[in-house]
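1. Predicted model and sequence below, questions to follow.
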Amino acid sequence: MNVLAPARPDLRFTSEVERETAPLYDKVKKVIPEVEWPVFAPLIARINALKKQKNAVILGHNYMTPEIFHCVADMTGDSLALARMATKTDADIIVMAGVHFMAETAKLLNPSKTVLIPDTGAGCTLAESVTAADVRALKAQYPGVPVVTYVNTSAEVKAESDICCTSGNAVEIVNGLGVDRVIMLPDEYLALNTAKLVKPEVITWKGRCVVHEQFTAADIRNLRAANPGVVVLAHPECAPDVIAVSDYAGSTAGMIDYVAKHRPAKVVLVTECSMSDNVAADFPELDFVKPCNLCPFMKKIELSNILTALETGQTEVHIHPAVAARARVAVERMLTGWKPGA
Ligand code: SF4
């Protein structure tokens, strides 16, 4: 192996580190070149040791790169799964290997725990597309209409909302309200795709995901032409015309379940790049076509800043208690079920 000189002497790729991390490399060798492992392995070994010392857990979103997702994350999944997992951990410290709104959700559900985000710049174009004042204005415009808010929002926006949803449960949440009309924000495409599958009329907002809005129906047709027989799985943050030409639409967890159940010989996941690498590591016998749209915010999380977070306790997520109390209600209603007036 090509052993690169590390910046810190305690992060050398020694034979002990190589031995200790060998089972992890075996898991990711299809998606991480051998030449890169001596850079990752010492960081992985140090992070995993520190987690034990500090009683910390790392929650890893499906869009993390494979060396994070498969090698240091203790629990992995989509936003919904991470929110559920955050309620179950006994750890004192939660490090969110994901974006800021996910760390806020973990903090809402664990107010007494330390929740760390390794890079505070790990934002989200959906979360930035709507403010608490926008929600108040919508509620004034549509009095009495419940506000269903995607978890990809700030705590302030959640605090103005009746209930949260994720791409994995949006249809169930909207139908479960038993009303004729809902406001669904901030993702316009998720709202339009959900509107086709639910009874209530859906009032939309104008937010977009910078990753998923880039895919077009023409891209999908070109993929099919270049890869005969390919099965196309798309995320519901994509435009409705992209969903219309796909074989399946669902959250990242839904896509993983589809692959596990149907084992398509050739498959494309129309979503963020790293997701395909992570699923390919679990299903090495399948052929993954990888059209690549990176989330610049998810990619701010790296092994190096996860290590810094564990070593320094930076940066801790804080939410104003009055905001947190109201936002927590919207998240907990999503997890436990709720009807207006109940
Ligand atoms: S992939 Fe899209 S929705 Fe997810 S964090 Fe990035 S910008 Fe936000």
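-> Arrived safely. Given the structure is predicted, the values throughout are model-derived calculations rather than measurements. Numbers count the residues shown, from 1 in each chain.
2. Look up how far the ligand lies from residue 11.
-> Between residue 11 and the ligand the computed distance is 29 Å (C-beta to the nearest ligand atom, to the nearest Å). To be clear about C-beta, it is placed using only N, CA and C from the backbone, and glycine gets the same treatment.
3. So that residue is in contact with residue 40, correct?
-> No - the criterion here is C-beta atoms under 8 Å, and residue 11 misses it with residue 40 at 10.4 Å.
4. higher neighbour count, the two?
-> residue 40 (23 against 18; other C-beta atoms under 10 Å).
5. Which strand or helix spans that one?
-> helix 37-54 (DSSP states H and E).
6. what's the angle from the next helix or strand along the chain from that helix to helix 37-54?
-> Later in the chain than helix 37-54, the nearest helix or strand by DSSP H and E is strand 56-61. In terms of direction (axes from the mean of the first three to the mean of the last three C-alpha atoms, to 10 degrees), strand 56-61 departs from helix 37-54 by 130 degrees.
7. and residue 281, how many neighbours does it have?
-> 17.
8. I'd say it and residue 67 touch.
-> No - when contacts are counted by C-beta under 8 Å, residue 281 is not listed as touching residue 67 (10.5 Å).
9. Overlap of the contact sets of these two?
-> Taking C-beta atoms under 8 Å, 6 or more residues apart in numbering as the criterion, residue 281 and residue 67 both touch residue 28.
10. ok so, going back, CA atoms only for the helix holding residue 40 - export them in CSV, please.
-> Extracted in CSV, the C-alpha atoms of helix 37-54 (Å, rounded to 0.1, in the frame of the first residue of the first chain):
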residue,chain,number,x,y,z
TRP,A,37,-7.3,3.4,2.5
PRO,A,38,-4.1,4.5,4.3
VAL,A,39,-5.5,8.0,4.5
PHE,A,40,-8.9,6.9,5.9
ALA,A,41,-7.8,4.0,8.1
PRO,A,42,-6.0,6.0,10.9
LEU,A,43,-8.8,8.5,11.2
ILE,A,44,-11.4,5.7,11.3
ALA,A,45,-9.4,3.8,14.0
ARG,A,46,-9.0,7.0,16.1
ILE,A,47,-12.7,8.0,15.7
ASN,A,48,-13.9,4.5,16.7
ALA,A,49,-11.7,4.5,19.8
LEU,A,50,-12.8,8.0,20.9
LYS,A,51,-16.5,7.0,20.5
LYS,A,52,-16.0,4.3,23.1
GLN,A,53,-14.0,6.6,25.5
LYS,A,54,-16.6,9.4,25.4
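11. residues in the stretch 101-250 of the chain within reach of the ligand, list them.
-> Contact residues, the stretch 101-250 of the chain versus the ligand (C-beta under 6 Å from any ligand atom): 124-126, 152, 209-211.
12. As TSV, those with pLDDT would be great.
-> Formatted as TSV, these follow (pLDDT from 0 to 100):
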residue	pLDDT
124	98
125	98
126	98
152	97
209	98
210	97
211	97
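13. Show me which of those is closest to residue 84.
-> For those, the residue nearest residue 84 by C-beta to C-beta is residue 152; the value is 16.4 Å.
14. Confirm that that closest one sits in a strand.
-> No - under DSSP: H, G, I helix; E, B strand; the rest coil, residue 152 sits outside any strand and is assigned coil.
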